[in-house]
Structure formats: C-alpha cells, structure tokens
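A.B. asks: Pasting the sequence and the predicted model now:
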Amino acid sequence: MVNKILMTGATGYIANQLLPTFRENYEMVLVDVNEVNRNGDRVEGVEIADLIDPDRSKYAHLFKGVDAVVHLGYKRRTADNPLDHFAEEKQNVEMAYNVLRSAYDAGVPRVVIASSNHASDWYEHALIHRRQMEALDPYKLPLSDNFYGWAKATYEHMGFLFACGGMGFGSSSGGEDHTGGSQSDQRRMGVVMVRIGAPRDIVLESYKGDAANYKRDLGAYISPRDITQLFAKAAEAPNIENEHGVPWLVVYGISNNTRAFWSLSNAREVLGYEPQDDSEVKYAADIQRFLMGDGTTGAAGRVGGGSG
C-alpha cells in the first residue's frame, strides 16, 4: 500500500495538476530547487534540494521511508541552437540517475518518472504525420531526432537497469560476468515511465491555421484529472512485472482521445488506467469551426495537414 510519496519538481507545471489530489491521498515529501511556482505562488512544504548535485548525501535522507517516488524535476533548456541542448539535457539525465540511485539505496519499491512522447518522436515526425504508420506502441525502440527526446529515452533505459537487477558487468570475484548470474543478488526496483503527451489546454488561436499541429495536439491531450489518475495508478499498481519478471513499464500519458496515435493498451491492462476525457468532446466547437466548417483546407484525416 502506498502511503508516502516523494515528488520532485514540486513547484512545476505537472506537479501543480497532481498535488491537490495527491495531498489528499498521500503523505507528501516535496522537493525542488525553489518553493515558488511559475505563477509566483509559494508551494507549502517544499524541501530545497538540487538533485543534479552528485553529492547524494545532501538529500539522501528525503528518500528514506517513502513508498514511491514521482520524479517530475526538469531543468529547462536555455540554448537557442538545438545542437547545444546536449549539455543541459545531460544534466537532466544526471538528475534522473541521482533520483533512481537515491531511491534504490533507500529501498524505495517504486519510482515513477515523467518521460515524454518525444522519446520516440522520430516516428511521429517521419512516419505518423506522413501517414506511413498508424499507431505507436510504447515498446517500439525509442528513437528521437532531438536531445530532449534523447534524454527522455535515456531515462527509460536507465530505469530498466534499476528494474532488472543487473547493475553491472561484473561478478563477485571481480571478473566480468557475461552470463547474468550476478542479477539474482540485486534488488529489482519497480520503475514506471510515463510518456506525457500535451498536458495543457488546446487553444485554437495559438495554431494560426496550422491544422496538422492542431490535430496532433488533440491526439496528445491529457486532462488534469486523467494525468492525476495515471500517475497515482503508476505509483500504486501492485504488479508491473513483464513476462520476464522485470518490474519496468513504459506507458503513454494521454486522455481517451479520438485522434490519438499512441497506444494506451498497457496503461489500461497493467495499471488499470481508465481515462475519462476525450479532446474531441472537450474541444468539439473549435474542431467544428476549424476542421469541419465551410472553406476549411487541409483538414481531412485524423493526422497530417492534407486529405486522406
């Protein structure tokens, strides 16, 4: 049973959606580098800690005695050139490692990490919107064409290391173990990666006639109550082991959207996720006006800007 949850990035945008319900249902340990959210409001109870700092002894005590960690922490990029994003995203990878390692060392049974649909966004950019692929399964090899997505995919693979119990290419005798015999000696920590879609309102005016991106975001939309339910179920699900006994799960974080092209099958089956909202219903009036009204162009089809 999950009673106590540590949440990183506690003053961030996603945390703001989760916290009202999470505070009601769990004892919370909140962690961030400041205690003020993007609206300038103070978030009560935040412990100040820089989780990028490699000296984990500074914040190890925060992980003790918690039943699950929800890692939402993220350092925003500042570089203009996409090729310069590597250094900043590398820091986010290091933060994810520090969170996983701290949770592992403290004996935390479950870590839930905010990944992103961008972990596999090459398929979307190259195939989905050109209608050469219908849907994307969460276990397809994560391929991204940008450093943001690369970092998220790296979180996912790193989470697998902590879940499978391998922890190394070595044996107790000091030599290399190529047989996997050392895995039986390691704790397997449950890790759920949530590839969040578009956790925001879809404001028609911001698309300026761009039907393709409007349709894409309708498919990616996730409502506040759905994202809250998904993260809670990711923390609470009693068994997330795959067919090989590894407690590691990658799920997409979207609502029950008519235009979705990301699969929710394992989120439903393993976590019991039951999304309540559909962007097609929520934004029906805007969709009618922009995509279905007289004189609209490039509106046909579930995705993309052309007909078909």
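C.D. replies: Thanks, I have the structure now.
A.B. asks: Can you say which helix or strand has the closest residue to residue 47 other than its chain neighbours in it?
C.D. replies: Leaving aside its sequence neighbours, residue 47 sits nearest to residue 31 (Cβ to Cβ, 6 or more residues apart in numbering; 5.1 Å). Every residue, glycine included, has its C-beta placed from N, CA and C. Residue 31 is part of strand 27-32 when elements are defined by DSSP states H and E.
A.B. asks: counting contacts, what elements does that strand pack onto?
C.D. replies: strand 4-8, helix 13-25, strand 46-48 (3 or more Cβ pairs under 8 Å, 6 or more residues apart in numbering; DSSP states H and E).
A.B. asks: Most tightly packed of the ones you listed?
C.D. replies: strand 4-8 (a mean of 25; mean count of other Cβ atoms under 10 Å).
A.B. asks: contact partners of the top helix by length along the chain?
C.D. replies: When the chain is parsed with DSSP state H, its longest helix is helix 85-105. With contacts defined as Cβ atoms under 8 Å, 6 or more residues apart in numbering, helix 85-105 is touched by 6, 8, 51-54, 56, 59-60, 62-63, 69, 71, 73-75, 77-79, 111, 113, 146-148, 150-151, 154-155, 158-159, 162, 187, 189, 191.
A.B. asks: count of residues packed around residue 42?
C.D. replies: Residues near residue 42, counting by other Cβ atoms under 10 Å, number 11.
A.B. asks: what's near enough to touch it?
C.D. replies: 35, 36.
A.B. asks: Return the distance of it relative to residue 30.
C.D. replies: Here residue 42 is placed at a distance of 12 Å from residue 30 (Cβ to Cβ, to the nearest Å).
A.B. asks: what do you get for residue 83?
C.D. replies: 35 Å.
A.B. asks: From the neighbour counts alone, determine which of these two ranks first.
C.D. replies: residue 30 (22 against 8).
A.B. asks: The closest residue to the more buried one other than its chain neighbours: what secondary structure?
C.D. replies: Excluding the flanking residues, the one nearest residue 30 by Cβ to Cβ, 6+ apart is residue 10, at 3.7 Å. What DSSP: H, G, I helix; E, B strand; the rest coil gives for residue 10 is coil.
A.B. asks: all helices of the stretch 151-300 of the chain, in order?
C.D. replies: 211-220, 224-236, 265-266, 279-282, 284-287 (DSSP state H, counting those that start in this stretch).
A.B. asks: Please convert those to TSV, extending it with mean pLDDT, mean neighbour count and distance to residue 272.
C.D. replies: TSV is the format used below for the helices of the stretch 151-300 of the chain (pLDDT from 0 to 100; neighbours: other Cβ atoms under 10 Å; distance: least, Cβ to Cβ, whole Å):
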stretch	mean pLDDT	mean neighbour count	distance to residue 272
helix 211-220	93	22	22
helix 224-236	98	22	6
helix 265-266	96	15	11
helix 279-282	97	18	22
helix 284-287	93	15	28
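A.B. asks: For those helices, give me JSON lines that also has distance to residue 258.
C.D. replies: Below are the helices of the stretch 151-300 of the chain laid out as JSON lines (distance: least, Cβ to Cβ, whole Å):
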{"stretch": "helix 211-220", "distance to residue 258": "8"}
{"stretch": "helix 224-236", "distance to residue 258": "14"}
{"stretch": "helix 265-266", "distance to residue 258": "16"}
{"stretch": "helix 279-282", "distance to residue 258": "4"}
{"stretch": "helix 284-287", "distance to residue 258": "10"}
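A.B. asks: Show me the one of these that comes nearest residue 19.
C.D. replies: Shortest distance between residue 19 and these, using Cβ to Cβ, is found for helix 224-236: 9.1 Å.
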